[in-house]
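Visitor: the sequence and its predicted three-dimensional model are supplied below.
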Amino acid sequence: ADTFIAAKTRALRCQKAENEWCNSPCGIMDQYVSSAANAGTLLCIDCRSLQYQPTKMASTSDPPVLVVTNSNVQHDIAGGEYPVRVAQCQTATKALSQINAKIESLRDATLQDVDAAKDRMDAVSYNRAKHVVTENQRTVDAKAALEAGDWDRVGNLMNQSHASMKDDYEVSCEEIDVLVDLAQAFEGVYGSRLTGGGFGGCTVTLVRKDRADALMQHLRLEYKAKTEKDCVCFVTSPAVGVRVLGTDRL
């Protein structure tokens, strides 16, 4: 219990710092992962209750690895489009609450609710709501697939997620789409998608371990050829979050 409280407190303080001092209307995912992560596990976060569940990838004879690729396209969620997405989701939530008073956030809505309220919101807000509702379900489904070792299912959900972020939430960009397309078409890749706040940044790809090096070489060469930019690739695994390493200099 003490560990949970400490992780939650750290995450909330970091989120508050970004919201109030950086004027960034960000959520709590990055802060919570940094605060609560344990080696060898992923984190499934309930952003309403702020509870979290460590999630282990199943042990299989051919475990995949995660490849992160930095597009070297910088983004700034404190300005530009990110706050716009927050406002659009709030608009969609208001429309949904008119058909069902129990809907206080998009978390409460189903895809059927979103379709029922379609005439009460503009097309953009509808697409934003559709993305959030379907992405929430994909997250739940991905947790189950990871624990079951169903890598094909995990990869398919990652691909669906990217398509939704690109088309419904519109937070991808040309360079990120190039990286995702290259990865998704590469032999041994289960799935690939944008990760982070969008508008640049990184992709994450689930790939067979024996194909990871070839994938990274392919991405470096083809990304450079298509965009005239360099990308940085590396294999990663879930690691422990922030911890006090020593107090001798404090």
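Guide: Received the coordinates, thanks.

Visitor: the strands in the chain, which residues?
Guide: For the chain, applying DSSP state E gives strands covering 42-45, 52-55, 64-70, 189-195, 202-208, 232-236.

Visitor: can you list those strands in a markdown table and add mean pLDDT?
Guide: Formatted as a markdown table, the strands of the chain follow (pLDDT from 0 to 100):
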| stretch | mean pLDDT |
| --- | --- |
| strand 42-45 | 91 |
| strand 52-55 | 89 |
| strand 64-70 | 97 |
| strand 189-195 | 97 |
| strand 202-208 | 97 |
| strand 232-236 | 97 |
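
Visitor: any chance of these in JSON lines, plus distance to residue 218 and mean neighbour count?
Guide: From N, CA and C alone the C-beta is placed, and that goes for glycine too. Conversion of the strands of the chain to JSON lines gives the following (distance: least, CB to CB, whole Å; neighbours: other CB atoms under 10 Å):
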{"stretch": "strand 42-45", "distance to residue 218": "26", "mean neighbour count": "18"}
{"stretch": "strand 52-55", "distance to residue 218": "29", "mean neighbour count": "15"}
{"stretch": "strand 64-70", "distance to residue 218": "11", "mean neighbour count": "19"}
{"stretch": "strand 189-195", "distance to residue 218": "10", "mean neighbour count": "24"}
{"stretch": "strand 202-208", "distance to residue 218": "11", "mean neighbour count": "23"}
{"stretch": "strand 232-236", "distance to residue 218": "9", "mean neighbour count": "14"}
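
Visitor: mind checking these for the one nearest to residue 8?
Guide: Proximity to residue 8 (CB to CB) singles out strand 52-55 among the strands of the chain, at 8.3 Å.

Visitor: against residue 146, how distant is residue 33?
Guide: 15 Å (CB to CB, to the nearest Å).

Visitor: just residue 167 next, same as before
Guide: 25 Å.

Visitor: and the pLDDT at residue 39?
Guide: Residue 39 is assigned 88 on the pLDDT scale.

Visitor: nope, residue 81 is what I was after
Guide: Residue 81 is assigned a predicted lDDT (pLDDT) of 79.

Visitor: which non-adjacent residue is nearest it?
Guide: residue 199 (6.1 Å; CB to CB, 6 or more residues apart in numbering).

Visitor: I figured the one you found hits residue 84, correct?
Guide: No. Using CB atoms under 8 Å, residue 199 makes no contact with residue 84, being 11.0 Å away.

Visitor: these two: who's more crowded?
Guide: Using other CB atoms under 10 Å as the criterion, residue 199 and residue 84 rank with residue 199 on top: 19 against 12.

Visitor: next, give phi and psi for that one.
Guide: Backbone torsions for residue 199, taken as degrees, to the nearest 10, come to phi 60, psi 40.

Visitor: quick one: it from residue 58, how far?
Guide: Counting by CB to CB, the separation of residue 199 from residue 58 is 33 Å.
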